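Chemist: For reference, the sequence and a predicted model appear below.
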Amino acid sequence: MSIQDKLKGISRRDLFRVAGRYGMSSTLLAAGGFGGAMSLANLASAAESTYEKRFSKPAKFTLKHGAAGFNARNLLIERAGALEFARDIESRTDGEIRVEFIGDNQICGQTSCVEKAQQGIVDIYSASTQNSAGGAPYLNVLDYAYMFRNRADQYHFLYSPASQRLLREPYEKRHGLKFLFSHAELRGIQLGLAWKDKPTVTSVEQLAGTKNRVTGTQLGRIAMEAMNLNPVPVAWEETLDGLKQGLIDGAETWASAVAYANMAPVVSQSVHLNFFCGTEATSMNASVFDGLGGELQDAVMESSYLAQVHVQAANEAALVNTVGQSDPQLPGTIFAEHGVRNAFLSAEEIKKAEMMCSPEFQPQLWEEWRERLNKWQGGADTYQEIYDEVRTIDANTRPENVEPRRWWKS
């Protein structure tokens, strides 16, 4: 049964009808826990049960979670872990922490959630670090081109104590936000329908001169310009229309983002350049975290760890079984149903792209931002130290086999 078949029994109108009675968070948490087909009756029953459990006693803290465009449906496509975190922290704290999950861009979007969290309008937010980099520039530290070889490298770094010093602590100190957990994919170019009848892309040269949407990341632009990919800033919410109308040739993003955002009908080729991070991360306002007290802070960290482990396994499975990022594709996946071809470049072509744009081979392109990020960190060579840390694991490590570690414990 495909993901669409599992979910098609519940319309958006039905979802809001149930939410009107039991609250959106209880409804989404109930829907997110389904393993098979849904009906309105069993969703309502599960939402009622979830509501009664969640409100069996007063919460000490009710935390607003602004989750950009996410909901129970698309979080089963891109497994970013937001609902799993909410479900676990409520259970782990026996209801002392309650999470009010607000997705579907109702309270903030991909580029605004970070600022809403900094302002205290939301307590927790989920959005890509690249879109969030406009409001929290230190997040650019993840976006040096080809610093990560693959998704295993990304998960290894997220679990590593080195991430405390090189990512989490500077991010918290400079922007007042606590990095909790993240999904991990690498970005490529998602080509529009004008490429439907063209040969499958096998090299970066075939993309030269195309005009492509870029996120809020400043470092992503450096790599794209070096590869002649003409970055054009387009809001995530406007990217679908841009591709549909042919205003851009492609979009710089990752495979499951195409799938969850319903872009597959207007994307013909998913070109896996894998040139920098696609990290859909969840963070918390640091002042809110500090105000929880020691025991609840420990609970937040343990729930973050559980969410990270869940995301690592679930998103790797979803890429193959739900999105269709494989060769051959499984029938019934989103890419297969919409005719999206995967363009997996050879190791030689990836190396060629790396030599065009990475700090290792083109250091002069990165000097200004590298110096800035190093200063914000406190003096470390951020690129080199992250580069070296992720290469402590074998290049052929499968992402699902990366050892989970509690990164805040050495």
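Modeler: It's in.

Chemist: low-scoring stretches of the stretch 251-400 of the chain, by residue?
Modeler: Within the stretch 251-400 of the chain, no stretch has pLDDT under 70.

Chemist: just the helices in it please.
Modeler: 255-260, 286-290, 294-318, 334-338, 347-357, 367-377, 382-390 (DSSP state H, counting those that start in this stretch).

Chemist: out of those, deepest packed?
Modeler: Of all the helices of the stretch 251-400 of the chain, helix 255-260 carries the top mean neighbour count, a mean of 26, counting by mean count of other Cβ atoms under 10 Å. Yep, even glycine has a C-beta here, placed from its N, CA and C like the rest.

Chemist: which helices and strands does it pack with?
Modeler: Contacts defined by 3 or more Cβ pairs under 8 Å, 6 or more residues apart in numbering; DSSP states H and E place helix 255-260 against strand 185-186, strand 188-192, strand 267-272, helix 334-338.

Chemist: Show the average pLDDT along the shortest one.
Modeler: Going back to what we said before, that points to strand 185-186. Averaged across strand 185-186, the pLDDT comes to 98.

Chemist: For it, name the packing helices and strands.
Modeler: helix 151-159, helix 255-260, strand 277-278.

Chemist: nearest spatial neighbour of T111, skipping sequence neighbours?
Modeler: Residue nearest to T111 in three dimensions, not counting chain neighbours: N131, with 5.0 Å by Cβ to Cβ, 6 or more residues apart in numbering.

Chemist: Looks to me like the one you found is in a helix.
Modeler: Yes. Assessed with DSSP: H, G, I helix; E, B strand; the rest coil, N131 lies in a helix.

Chemist: Please parse this structure into its domains.
Modeler: 3-184+279-320, 186-277+322-365 (automatic domain parsing).

Chemist: Can you say which of these is nearest to D388?
Modeler: Evaluated over these, closeness to D388 peaks at domain 3-184+279-320, with 9.1 Å, by Cβ to Cβ.

Chemist: Looking at the domains of the chain, which is nearest to R398?
Modeler: Comparing the domains of the chain by Cβ to Cβ, domain 3-184+279-320 comes nearest, at 6.4 Å.

Chemist: The closest one: how far from the chain's middle?
Modeler: Taking Cα atoms, centre = their mean, to the nearest Å, one finds domain 3-184+279-320 lying 10 Å from the centre of the chain it belongs to.

Chemist: try stretch 210-219
Modeler: Using Cα atoms, centre = their mean, the offset of stretch 210-219 from its chain centre is 16 Å.

Chemist: so how far does that stretch reach from one end to the other?
Modeler: 19 Å (Cα to Cα, to the nearest Å).

Chemist: Only the buried residues of it, if you could.
Modeler: Applying a neighbour-count criterion of 16 or more other Cβ atoms under 10 Å, one finds T210, N212, R213, V214, T215, G216, T217, Q218, L219 buried in stretch 210-219.

Chemist: circling back to that earlier point, out of the helices and strands packed on strand 185-186, which is closest to A318?
Modeler: helix 255-260 (6.7 Å).

Chemist: With just CA atoms, put the closest one into CSV.
Modeler: Output of helix 255-260 as CSV, limited to C-alpha atoms (Å, rounded to 0.1, in the frame of the first residue of the first chain):
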residue,chain,number,x,y,z
ALA,A,255,14.4,14.5,-3.0
SER,A,256,12.0,14.1,-0.1
ALA,A,257,11.3,17.8,-0.1
VAL,A,258,10.0,17.5,-3.7
ALA,A,259,7.8,14.7,-2.6
TYR,A,260,6.4,16.1,0.6
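
Chemist: neighbouring contacts of stretch 385-399?
Modeler: For stretch 385-399, the external contacting residues (Cβ atoms under 8 Å, 6 or more residues apart in numbering) are 141, 144, 147-157, 160, 162, 166, 184, 312, 316, 360, 402.

Chemist: Identify the residues contacting the nearest residue to N212 once chain neighbours are set aside.
Modeler: Leaving aside its sequence neighbours, N212 sits nearest to G250 (Cβ to Cβ, 6+ apart; 4.6 Å). For G250, the contacting residues are I189, Q190, L191, G192, W195, L207, T210, K211, N212, R213, L243, V271, by Cβ under 8 Å, 6+ apart.

Chemist: likewise R213?
Modeler: Taking Cβ under 8 Å, 6+ apart as the definition, contacts of R213 comprise P231, V232, P233, V234, T239, G242, L243, I248, G250, A251, E252, T253.

Chemist: Tell me the buried residues within those.
Modeler: Buried among those by 16+ other Cβ under 10 Å: P231, V232, V234, T239, G242, L243, I248, G250, A251, E252, T253.

Chemist: of all those residues, which two lie farthest apart?
Modeler: P231 and L243 (15.0 Å).

Chemist: mean confidence for the host helix or strand of A19?
Modeler: Secondary structure assignment for A19, by DSSP states H and E: helix 12-22. Averaged across helix 12-22, the pLDDT comes to 73.
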